[in-house]
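Trainee: need the 3D shape of this:
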Amino acid sequence: MARMIRSSFESAGEETADKIAQALAPFGMAGYDGAFVALQSEGGKPVAEWMDQPAESIAALGEAIVTKG
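Mentor: Residues are numbered from 1 along each chain as shown. Below is the predicted model of the structure:
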């Protein structure tokens, strides 16, 4: 998870990308695990819909970290 997040923020610089990856990897894992639990309990909703929410949240949080510096 950290590697995927880091690669998404490489344009912000290596140090910032590492900071974001370390900060958000646990959140990302929890979000994706939660999406799979929701998939099991909610019939009929495509898994892509459950995955979009954690991905968009990680992106927004990462951008906030970039902005703060």
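
Trainee: which stretches of the chain form helices?
Mentor: 2-8, 14-41, 47-68 (DSSP state H).

Trainee: need those in CSV (columns: mean neighbour count).
Mentor: The way it works is simple: take the backbone N, C-alpha and C, and place the C-beta from them, glycine included. Output for the helices of the chain, formatted as CSV (neighbours: other Cβ atoms under 10 Å):
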stretch, mean neighbour count
helix 2-8, 15
helix 14-41, 15
helix 47-68, 14
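
Trainee: any chance of CSV for the ones you listed, columns mean pLDDT?
Mentor: What follows is the helices of the chain, written out as CSV (pLDDT from 0 to 100):
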stretch, mean pLDDT
helix 2-8, 96
helix 14-41, 90
helix 47-68, 89
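
Trainee: next up, the contacts around the residue positioned nearest the centre of the chain.
Mentor: For the chain, the residue nearest the mean C-alpha position is Ile58 (3.3 Å; Cα atoms, centre = their mean). Neighbouring residues of Ile58 by Cβ atoms under 8 Å, 6 or more residues apart in numbering: 5, 24, 27-28, 31.

Trainee: now Met51. Nearest residue, chain neighbours left out?
Mentor: Excluding the flanking residues, the one nearest Met51 by Cβ to Cβ, 6 or more residues apart in numbering is Ala35, at 5.6 Å.

Trainee: that neighbour touches Glu56, doesn't it?
Mentor: No. The pair Ala35 / Glu56 is not scored as a contact, 11.9 Å apart, by Cβ atoms under 8 Å.

Trainee: anything in contact with each of these two?
Mentor: Common contacts of Ala35 and Glu56 (Cβ under 8 Å, 6+ apart): none found.

Trainee: got the contact list for Ala59?
Mentor: Ser8.

Trainee: and it, how close does it get to Ala2?
Mentor: Look at Ala59 and Ala2: by Cβ to Cβ, to the nearest Å, they are 15 Å apart.

Trainee: likewise Ala12?
Mentor: For Ala12, the distance to Ala2 - Cβ to Cβ - is 15 Å.

Trainee: with Lys19 instead?
Mentor: Distance from Lys19 to Ala2, by Cβ to Cβ: 11 Å.

Trainee: repeat for Glu63
Mentor: Taking Cβ to Cβ as the measure, Glu63 and Ala2 are separated by 17 Å.
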